[in-house]
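Visitor: any chance you could fold what I've pasted below:
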Amino acid sequence: MKGWFDAFRHDGGPTLYSYTNRTPVTGDVHLITIFVVFCTIFTAFLIIFPGIRKERITTFFTVTLSLFVGTSIQVAQYGSTWHTTSSSIVSSYSVFSRHRTSAEIGGFIGLMHINITYSLINYTESTVDGVSDVEYNERFWWRSPTEMSESFKHALYRGAPFPIISLAEYFSLHQEGFSWGAKYREAGHYASIMLWTCFAAWLMMNLLLVVVPRYGAYSMVFTGVLMLCTNLTYWSLLPCEPLVAHIDGSTLVFDLGWNYWLVLVAGFSCLFCGIIITVIDLIFPHQFSTILEVDYDTPYDRHVIIEESFDTRNTRKKLPKMNEDDFDERVSSSIPSKLGSNSQRIHEGVVNCGFVSHEMSDFHHRMNDDSSKANWSYPFPPISRRVI
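Guide: Purely as a prediction, here's the structure:
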């Protein structure tokens, strides 16, 4: 059995796992979760979309826009690319090392944190203090005024690479000219509040679109305006003096990232589409509709109710209006004519010829005698009472 159990082993011993297989960060867990949730909902909608027979265009347009706006809000809330920078530098890995290598460093600022990445270029051909594989992604939070300083001290204690420490230092100090950390924290704080407000407006928009589409269009405009205000708030609260970081002779200039532009595009799309739907509804009332509406294509559908109420109003308009005098004259003139036509039939009465008794002869005799005195007859023959 030799050669079967000792494959990929040295000296016939068991496989030795004496090192940790550490891999670099390849994605953000929060963003991946958000993309999975919204993509699952959109995929489910695409599966049922071929079965839709009515309002196909408006339904597809509304669902796609709603999911795009909701995804943009959540991605911007947890994303790290509101203000970004990236550059190639030639620097040492540690503070007192003389070995300098080429590396790629990037700073990605979110609303509540900053991600600093550091990776060697052509690391397979170079060695940094005995380490040939360098991939770093450090996140520094500033959710509270002192959290950034504490994260910076913790990075120093762990021995983070010198370029990461140099870039994080610009955000950890809050004195004299190093006030960028406080400015970015303020901008992110208010932008985060605005984004949560946008998310609440987005939920209200979806609710109104399935209940009253007209009000859903109004809330769509409101959501778009809030998203544009978020961009304006973040941009206005950025440091007046742009942050330019210098690391071993290399310059890092921060610029607006794709999270900022994503919110801007989603806000303009929401605002523009809401205005279009509102104008169409004002010109052609109650024409915009989707299959997502409550009681759609049922007897309680709003289109059916509107048509029935419209027919009722038209019927009332067609009825002639009468004054009280005309009504009294018509009633007084119609009563004698009806009485005259039915008086003969009423006065004739009904003769119960099927009744047979011993007094029938007397009844016929009396009927003949009284016929000349009156033009009416008793409906039933009289019954003689017995006297005891």
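
Visitor: only C-alpha atoms for contact and neighbour calcs from this point on.
Guide: Will do.

Visitor: give me the neighbour count for Tyr136.
Guide: Using other C-alpha atoms under 10 Å, Tyr136 is surrounded by 19 other residues.

Visitor: let me know how buried Lys153 is, in neighbour terms.
Guide: 15.

Visitor: sticking with it, tell me its helix or strand.
Guide: For Lys153, the host element (DSSP states H and E) is helix 147-158.

Visitor: so after that helix, what's the next helix or strand?
Guide: Following helix 147-158 in sequence, per DSSP H and E, is helix 162-172.

Visitor: which residues are in contact with that next one?
Guide: 91-95, 105, 107, 116-118, 138, 140, 148-149, 152, 155-156, 178-182, 245, 247 (C-alpha atoms under 8 Å, 6 or more residues apart in numbering).

Visitor: what angle separates the helix holding Lys153 from helix 162-172?
Guide: With axes from the mean of the first three to the mean of the last three C-alpha atoms, to 10 degrees as the basis, helix 147-158 and helix 162-172 are set at 160 degrees to each other.

Visitor: can I have the buried ones of the contacts of helix 162-172 as a ChimeraX selection?
Guide: The command below creates a ChimeraX selection of those among those that count as buried (16 or more other C-alpha atoms under 10 Å):
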select :91,92,93,94,105,107,116,117,118,138,140,148,149,152,155,179,180,181,182,245,247
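
Visitor: out of the contacts of helix 162-172, which are inside strands?
Guide: 91-92, 105, 107, 116-118, 138, 140, 245, 247 (DSSP state E).

Visitor: mind putting those in JSON lines, pLDDT and distance to Trp82 included?
Guide: Shown next, in JSON lines, are these (pLDDT from 0 to 100; distance: C-alpha to C-alpha, whole Å):
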{"residue": "Ser91", "pLDDT": "83", "distance to Trp82": "26"}
{"residue": "Ser92", "pLDDT": "83", "distance to Trp82": "28"}
{"residue": "Ile105", "pLDDT": "91", "distance to Trp82": "17"}
{"residue": "Gly107", "pLDDT": "92", "distance to Trp82": "10"}
{"residue": "Ile116", "pLDDT": "91", "distance to Trp82": "14"}
{"residue": "Thr117", "pLDDT": "90", "distance to Trp82": "15"}
{"residue": "Tyr118", "pLDDT": "89", "distance to Trp82": "19"}
{"residue": "Glu138", "pLDDT": "88", "distance to Trp82": "17"}
{"residue": "Phe140", "pLDDT": "90", "distance to Trp82": "15"}
{"residue": "Ala245", "pLDDT": "87", "distance to Trp82": "17"}
{"residue": "Ile247", "pLDDT": "85", "distance to Trp82": "22"}
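
Visitor: which one of these is nearest Thr197?
Guide: Phe140 (25.4 Å; C-alpha to C-alpha).

Visitor: torsion angles phi and psi at Ala103?
Guide: Dihedral angles of Ala103 (phi, psi; degrees, to the nearest 10) stand at phi -150, psi 170.

Visitor: not counting sequence-adjacent ones, nearest residue to it?
Guide: Leu120 (4.1 Å; C-alpha to C-alpha, 6 or more residues apart in numbering).

Visitor: quick one: contacts for that neighbour?
Guide: 101-104, 133-135.

Visitor: how about the strands in the protein?
Guide: 83-92, 100-109, 113-120, 135-141, 244-247, 250-253, 255-256.

Visitor: longest helix of the protein?
Guide: helix 180-211 (DSSP state H).

Visitor: who are the packing partners of that helix?
Guide: helix 56-78, helix 162-172, helix 213-237 (3 or more C-alpha pairs under 8 Å, 6 or more residues apart in numbering; DSSP states H and E).

Visitor: select from the ones you listed the stretch with the lowest mean pLDDT.
Guide: For these, mean pLDDT drops lowest on helix 162-172, to a mean of 88.

Visitor: buried ones in it?
Guide: Quick answer for helix 162-172 (16+ other C-alpha under 10 Å): 162-165, 167-172.

Visitor: C-alpha coordinates for it, PDB please?
Guide: The C-alpha coordinates for helix 162-172 follow below in PDB (Å, rounded to 0.1, in the frame of the first residue of the first chain):
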ATOM      1  CA  PHE A 162       4.100  51.800   7.600                       C
ATOM      2  CA  PRO A 163       2.200  53.200   4.500                       C
ATOM      3  CA  ILE A 164      -1.100  52.300   6.200                       C
ATOM      4  CA  ILE A 165      -0.100  54.000   9.400                       C
ATOM      5  CA  SER A 166       1.000  57.100   7.500                       C
ATOM      6  CA  LEU A 167      -2.300  57.400   5.700                       C
ATOM      7  CA  ALA A 168      -4.500  56.700   8.800                       C
ATOM      8  CA  GLU A 169      -2.600  59.300  10.800                       C
ATOM      9  CA  TYR A 170      -4.200  62.000   8.700                       C
ATOM     10  CA  PHE A 171      -7.600  61.000  10.100                       C
ATOM     11  CA  SER A 172      -6.700  60.200  13.600                       C
END
